[in-house]
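okay, sequence plus prediction incoming.
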Amino acid sequence: MSNLERHPQEAVCGGRAAVAVEPVRELLAGAEVTLGPRGNRVVRTLPNRDRRMVGAWCFADHYGPEDLTAHPDARMRVPPHPHIGLQTVSWLVAGEVLHRDSLGNTQPIEPGQLNLMTAGRGIAHAEESPPDPPPTLHGVQLWVALPHAARAVDPHFEHHAALPVLTDRGVTVTVLMGELDGAASPAGVYTQLVGAEATLDAGADTRLPLRPDFEYAALALSGAVEVDGVPLPPGPLLYLGSGRSDLALRADRPGRVLLLGGEPFDERIVMWWNFVERDHEEIVAARDAWMGGSRFGAVRGYDGAPLPAPPMPTVRLRPRGRHR
Ligand code: MN
C-alpha cells in the first residue's frame, strides 16, 4: 500500500529517548485518513503524534472491514509506487489482495498469509483487489524501518503461506514476524522484533510471554479484547512500553488483536511519503528518481498509471534531538 496523503509531511522517528522504559498503558488515537479518489478510510496509528515507532515498526494502517458487495468502489486499487529503506508487511483479516512489483513478482495474498517486501535501496509495487474479489476486504498494512546496515540491501519479496501458530485454550496466535514463545516466523528481519496476531474465543484468558528489553503495542482488529486490563476496540493503538515479561489477554466475546514489538530503534530516521531515509536530501533524491523514472524499475501488469509523488513539504526536518 502507499501513503496516499496529498500533502505528507516529513516525520522524524526513532531514538531511544522516545521509548518508555517501563510498562505503560497509553491509548493512542489513530488518525482517520482518506485514501485515494475512491475515499477508502484507513485508521493510521503509526506514526502517531505521541509515539512515532514501536521497535522498528514505523507505520500501521488498518483498513476495513469493507463490504465490497455493497461498495464495489472500496476494492483496493493502489497504483505502482516506490519504497525505500523499509519492509512492507501485508496482513489480511478477510479478502484477497494481489501484489505486483518491479522485480516481476505477482503474488495474491489471503488471510493467514504474509506478503513481505523488503524495499532496501528501492522497489516499486502495486496492490489491488482481484477481478472477482471475496465479499469483505479487511486488513493492515505495516512498515518496518530498516537499520543503517540493511537499508541499501537488494530489494526482495517474500510470500509465506504458512506461519507458526501457537494455541492455548480458546486462543490462537500466529507469528508473522520474529519470534514469540519459541515459535519463529520464517520472514526475513533486520532488527530484533515481533509481529503476531492473537484470535480469542469468547471467554479466552491467556498470557503471552514477552521480552523485557522490547517495547510493545497492541492493535485490535475486530471484536473486543482486553489487553493488560484495558478494553481495546478496533481503532486506537495501545502502547505498552517495555520492561514486561508477559501480557494478559482476555475476551468476553470473540476478538482479534495484533501485537507489535521490538528492540527500541536507536537510529533517527526521516519518513516522507513511502520513503524511510536518514535526511531531507535523501528524500528529495528518492522523489526525483521516482519522478524521473529511474532507480525503482517498472511494475508490469497493472492497468493504470503509476502514482506521482506528492509535492515536497516546504518544512525540512533533520533527524536530531528529541521529537515526540
Ligand atoms: Mn506500498
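Perfect, I can see it now. Numbering: from 1, shown residues only.

contacts only, for the closest residue to E267 other than its chain neighbours.
For E267, ignoring the flanking residues on the chain, the nearest one in space by CB to CB, 6 or more residues apart in numbering is G14 at 5.3 Å. Where C-beta positions appear, they are placed from N, C-alpha and C, glycine not excepted. Shown in contact with G14 (CB atoms under 8 Å, 6 or more residues apart in numbering): 52-53, 58, 145, 265-269, 319.

just the buried ones from those?
52-53, 58, 145, 265, 267-269, 319 (16 or more other CB atoms under 10 Å).

pLDDT-wise, what's the bottom of those residues?
Lowest pLDDT within the buried ones among the contacts of G14 is found at P319 (64).

where does E282 land in three-state SS?
helix (DSSP: H, G, I helix; E, B strand; the rest coil).

tell me the contacts of it?
Counting by CB under 8 Å, 6+ apart, the residues that E282 touches are 270, 275.

residue ranges with poor pLDDT in the protein?
Counting by pLDDT under 70, the chain has low-confidence residues at 1, 4, 35-39, 317-324.

and if we set it to 80?
Counting by pLDDT under 80, the chain contains low-confidence ranges at 1-8, 10, 15-18, 34-40, 313-324.

the residue nearest to V21 when sequence neighbours are not counted and F214, how far apart?
Take V21 and drop its neighbours on the chain: the residue closest to it by CB to CB, 6+ apart is S242, 6.0 Å away. S242 sits 6 Å away from F214, going by CB to CB, to the nearest Å.

and the residue of the stretch 151-300 of the chain found nearest the ion, its phi and psi?
Nearest to the ion in the stretch 151-300 of the chain, going by CB to the ion, is N274, at a distance of 5.9 Å. Taking degrees, to the nearest 10, you get phi -110, psi 20 for the backbone angles of N274.

check contacts around it.
Contacts of N274 by CB under 8 Å, 6+ apart are 2-3, 81-84.

can you tell me which of those end up in strands?
Of the contacts of N274, the ones assigned to strands by DSSP state E are 81-83.

buried subset of those as a ChimeraX selection?
ChimeraX command restricting the ones in strands among the contacts of N274 to the buried ones, with burial defined by 16+ other CB under 10 Å:
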select :81,82,83
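
need the ones in strands among the contacts of N274 in a markdown table (columns: distance to the ion).
Conversion of those to a markdown table gives the following (distance: CB to the ion, whole Å):
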| residue | distance to the ion |
| --- | --- |
| H81 | 6 |
| P82 | 8 |
| H83 | 6 |
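
tell me the one of the ones in strands among the contacts of N274 nearest G292?
Of all those, P82 has the smallest distance to G292: 11.4 Å, by CB to CB.

in this structure the closest one contacts A126, no?
No - counting by CB atoms under 8 Å, P82 does not reach A126; the two are 11.0 Å apart.

mutual contacts of those two, please.
Taking CB under 8 Å, 6+ apart as the contact rule, P82 and A126 have no neighbour in common.

contacts only, for the closest residue to E263 other than its chain neighbours.
The spatially closest residue to E263, leaving aside those adjacent along the chain, is Q192, at 4.3 Å (CB to CB, 6+ apart). Q192 sits next to 55, 178, 214, 262-263 when contact means CB under 8 Å, 6+ apart.

redo that, cut-off 10 Å
55-56, 178-179, 211, 213-214, 261-264 (CB atoms under 10 Å, 6 or more residues apart in numbering).

from those, pick the one nearest A198.
G261 (12.7 Å).

Three-state assignment for the closest one, please.
strand.

for the remainder of this discussion, apply numbering that starts at 51.
Taking 51 as the first residue, the last one we looked at is G311.

beta partners for it?
V244, Y266 (DSSP bridges).

for it, grab the count of nearby residues.
28 (other CB atoms under 10 Å).

that one contacts V244, doesn't it?
Yes - counting by CB atoms under 10 Å, G311 touches V244, with 4.8 Å between them.

re earlier: burial check on the residue nearest to V71, number of neighbours?
Counted with other CB under 10 Å, the neighbours of S292 add up to 22.

go on, P363?
15.

nearest residue to it in space, please, no chain neighbours.
Nearest to P363 is Q59, by CB to CB, 6+ apart, at 5.1 Å.

next: I134.
Excluding the flanking residues, the one nearest I134 by CB to CB, 6+ apart is F325, at 4.7 Å.

V275 too?
Closest to V275 by CB to CB, 6+ apart is G305, at 3.8 Å.
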